[in-house]
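Pasting the sequence and the predicted coordinates here, then a few questions.
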Amino acid sequence: MFALIDVNGMYCACEQAFRPDLAGRPVVVLSNNDGAIVARNREAKALGLKMAEPYFKARPVLERNNVAVFSSNYTLYASMSARFASVVEALAPRTEIYSIDELFCDVRGLQTAMTFDAFGRQLRDEVQLQTTLTCGVGVAATKTLAKLCNHAAKTWPATGGVVALTERHRLEKLMHILPVEEVWGVGRRIGKSLNAMGVRTVLDLCRMDTRLARRQFSVVLERTIRELRGEICFGLEEDAEPKQQLVVSRSFGERVTQLQDMQQAVTGYAVRAAEKLRQEKRYVRVVSVFVRTSPYATGDIQYGNQATETLIVPSQDTRDIVEAAQRALSRIWRDGIRYAKAGVMLCDLRDRHAQLDLFSDNAMRSGSDSLMQTIDKINREGKSRIFYAGEGISPDFAMRRRLLSPSYMTSWKDIPVAVVR
DNA sequence: TCTGGGGTCCTAGGACCC
DNA sequence: TCTGGGGTCCTAGGACCC
């Protein structure tokens, strides 16, 4: 048996946790660069505000309805997420952190102590008490079914936010009323194709011939069908697999047209990527850079390209990664283009230096490890920051975040103060 | 003016090897 | 005249997730 616990409207709830004055008001959170709406609370959804709607288009509606608007504050959300996870982990020992607002638990054997329903309610109460966040709980025999139950818990308030289904006929009743697009792993494209084949409800999919599903789609859909039938195809992944690739990319606050600005941006992304790489305790062999214009700017010349550099020796030294990224950039840079976005990708990640070749002595930098450790340590402490000259100083293209809330959980100067009169 | 960022898995097809 | 079969590895692209 699996439980899926997820936080309702995570980003908005995090903002509201420190702003009790916003109770009852519609709240939305914007994507990076204040580009589009990526999170809405219940009140904002009721206004008809849609997911991924561009901010500038939604603005009149937001202003008319006195909606509280926030830039994304990932530092805050990540910190709240860690707290949420630790509350759940205290009550359910075998857990898998699936995303910033979701966890799976293996709850086998739990029913000897209490019902799944009672367990779900206890989890909800504890999370609410310790974090102010409200979550939904779904419990069933497979992850895919637990997801479906969780969806039901969020959709129907009468469930009290908890749906645990072990009996087949009750599951089938639920599958009969939900459209096939609600299934975990069925997106827009496959949903459309399925509909055209007459597969409309989740139950239709559950009864679909698995060989046909495999032939027409892929083994992924076949597994999904098996999961709907109660056969476990996706197990609990308690220890996160090491990452296979790592990406740092951003849209620019203002279009970039000068090579020097692009070099600064790419250096900054490469620096950040190298920091993440060292956090993961991995080494990179392949560094790649991409640049592109905005697909929405129909009047502009459209251009996008990507270049890859392979390091002789896998590295986690920022200087190697910045150098490789700059070499890649110089191969794809074109003048006279209004760039909207760029990114650095680290691929072919490894545990440590693989087999060293004959020339490795020349390629390795001496003292690299201790230098990087020292820089990381200083930057983590947050008293000051060591940065690379190539990143530039407060560049024009920096991300727009005009409506950023304080880092209530992670910055001394932002800690909320309660005044007692 | 203004439209997010970071991942995974699978498949098809080409290059290459013996 | 006639030009194999089986395998691996890599890459690009598509689909999905949050």
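That came through fine. Numbering: from 1, shown residues only, chains lettered A, B, ... in the order given.

Strands along chain A, start to end?
Using DSSP state E, the strands found in chain A span residues A:2-7, A:27-30, A:37-40, A:68-70, A:95-99, A:102-106, A:135-140, A:162-164, A:246-256, A:283-293, A:304-315, A:339-350.

Out of the ones you listed, which gets the lowest mean score?
Set side by side, the strands of chain A give their lowest mean pLDDT on strand A:304-315, at a mean of 87.

Please spell out which residues along it are buried.
Using 16 or more other C-beta atoms under 10 Å as the burial criterion, the residues of strand A:304-315 that qualify are A:307, A:309, A:311, A:313, A:314, A:315. (Glycine included, C-beta is placed from N, CA and C.)

Likewise for stretch A:232-239?
With burial defined by 16+ other C-beta under 10 Å, the residues of stretch A:232-239 counted as buried are residue A:234.

now for the buried residues of strand A:304-315, which pair is the farthest apart?
Maximum pairwise distance in these, criterion C-beta to C-beta, is 20.1 Å, between A:307 and A:313.

quick revisit: could you dump the strands of chain A into TSV and include distance to residue A:369?
TSV is the format used below for these (distance: least, C-beta to C-beta, whole Å):
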stretch	distance to residue A:369
strand A:2-7	38
strand A:27-30	39
strand A:37-40	38
strand A:68-70	39
strand A:95-99	29
strand A:102-106	34
strand A:135-140	41
strand A:162-164	49
strand A:246-256	19
strand A:283-293	11
strand A:304-315	11
strand A:339-350	15
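
before we move on, back to that, nearest to DNA strand C among the buried residues of strand A:304-315?
Nearest to DNA strand C, judged by C-beta to the nearest atom of the strand, of the buried residues of strand A:304-315 is residue A:307 at 10.0 Å.

what does the stretch 251-400 of chain A put close to DNA strand B?
With C-beta under 7 Å from any atom of the strand as the criterion, the stretch 251-400 of chain A meets DNA strand B at residues A:251, A:255, A:276, A:294, A:296, A:297, A:340, A:341, A:343, A:399.

nearest to residue A:421, of the buried residues of strand A:304-315?
Nearest to residue A:421 out of the buried residues of strand A:304-315 is residue A:315 (C-beta to C-beta; 57.6 Å).

which residues touch the closest one?
Counting by C-beta atoms under 8 Å, 6 or more residues apart in numbering, residue A:315 makes contact with A:283, A:284, A:321, A:368.

now swap in residue A:292 and tell me
Counting by C-beta under 8 Å, 6+ apart, residue A:292 touches A:303, A:304, A:305, A:339, A:340, A:341, A:342.

wait, doesn't residue A:350 sit right on residue A:280?
No - in this structure residue A:350 lies outside contact range of residue A:280 using C-beta atoms under 8 Å: 10.9 Å.

shared neighbours of those two, anything?
Here residue A:350 and residue A:280 have no joint contacts, going by C-beta under 8 Å, 6+ apart.

CA atoms of the longest helix along chain A as CSV?
Secondary structure of chain A per DSSP state H: the longest helix is helix A:259-279. Extracted in CSV, the C-alpha atoms of helix A:259-279 (Å, rounded to 0.1, in the frame of the first residue of the first chain):
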residue,chain,number,x,y,z
LEU,A,259,28.1,39.5,-26.4
GLN,A,260,29.6,40.8,-23.1
ASP,A,261,26.2,40.6,-21.4
MET,A,262,25.6,37.1,-22.7
GLN,A,263,29.1,36.0,-21.5
GLN,A,264,28.3,37.4,-18.0
ALA,A,265,24.9,35.6,-18.0
VAL,A,266,26.5,32.3,-19.1
THR,A,267,29.3,32.6,-16.5
GLY,A,268,26.7,33.2,-13.8
TYR,A,269,24.7,30.1,-14.8
ALA,A,270,27.9,28.0,-15.1
VAL,A,271,29.0,29.1,-11.5
ARG,A,272,25.6,28.1,-10.1
ALA,A,273,25.7,24.8,-12.0
ALA,A,274,29.1,24.0,-10.6
GLU,A,275,27.9,24.7,-7.1
LYS,A,276,25.0,22.3,-7.5
LEU,A,277,27.3,19.7,-9.0
ARG,A,278,29.5,19.9,-5.9
GLN,A,279,26.5,19.6,-3.7
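
and it with strand A:339-350, angle?
30 degrees (axes from the mean of the first three to the mean of the last three C-alpha atoms, to 10 degrees).

Quick one, which of the residues of the stretch 251-400 of chain A next to DNA strand B are buried?
A:251, A:255, A:340, A:341, A:343.

and the residue lying closest to the last one once chain neighbours are set aside, how many neighbours?
Spatial nearest neighbour of residue A:343, chain neighbours left out: residue A:249 (2.6 Å); criterion: C-beta to C-beta, 6 or more residues apart in numbering. The number of residues packed around residue A:249, counting by other C-beta atoms under 10 Å, is 17.

Quick check, residue A:249 in contact with residue A:269.
Yes - using C-beta under 8 Å, residue A:249 is in contact with residue A:269, at 6.6 Å.

quick one: common contacting residues for these two?
Joint contacts of residue A:249 and residue A:269 (C-beta under 8 Å, 6+ apart) are A:342, A:343, A:344.

returning to that earlier point: looking only at pLDDT, what's the mean for the longest helix of chain A?
For helix A:259-279, the mean confidence score works out to 94.

Taking strand A:283-293 as reference, get the angle to that helix.
Interaxial angle, helix A:259-279 versus strand A:283-293 (the same axes, to 10 degrees): 150 degrees.

Can you check what angle separates helix A:259-279 from strand A:246-256?
Angle of helix A:259-279 versus strand A:246-256, following the same axes, to 10 degrees, is 160 degrees.

Report the buried residues of helix A:259-279.
Within helix A:259-279, the residues that count as buried by 16+ other C-beta under 10 Å are A:261-275, A:277-278.

again, but for stretch A:17-28
The neighbour-count check on stretch A:17-28 (16+ other C-beta under 10 Å) flags A:17, A:18, A:22, A:26, A:27, A:28 as buried.

I'd like the residues you listed as TSV, with distance to DNA strand B appended.
Below are these laid out as TSV (distance: C-beta to the nearest atom of the strand, whole Å):
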residue	distance to DNA strand B
A:17	20
A:18	22
A:22	22
A:26	20
A:27	17
A:28	13
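
ok, which pair from these is furthest apart?
Applying C-beta to C-beta across these, the maximum distance is between A:18 and A:26, 17.3 Å.
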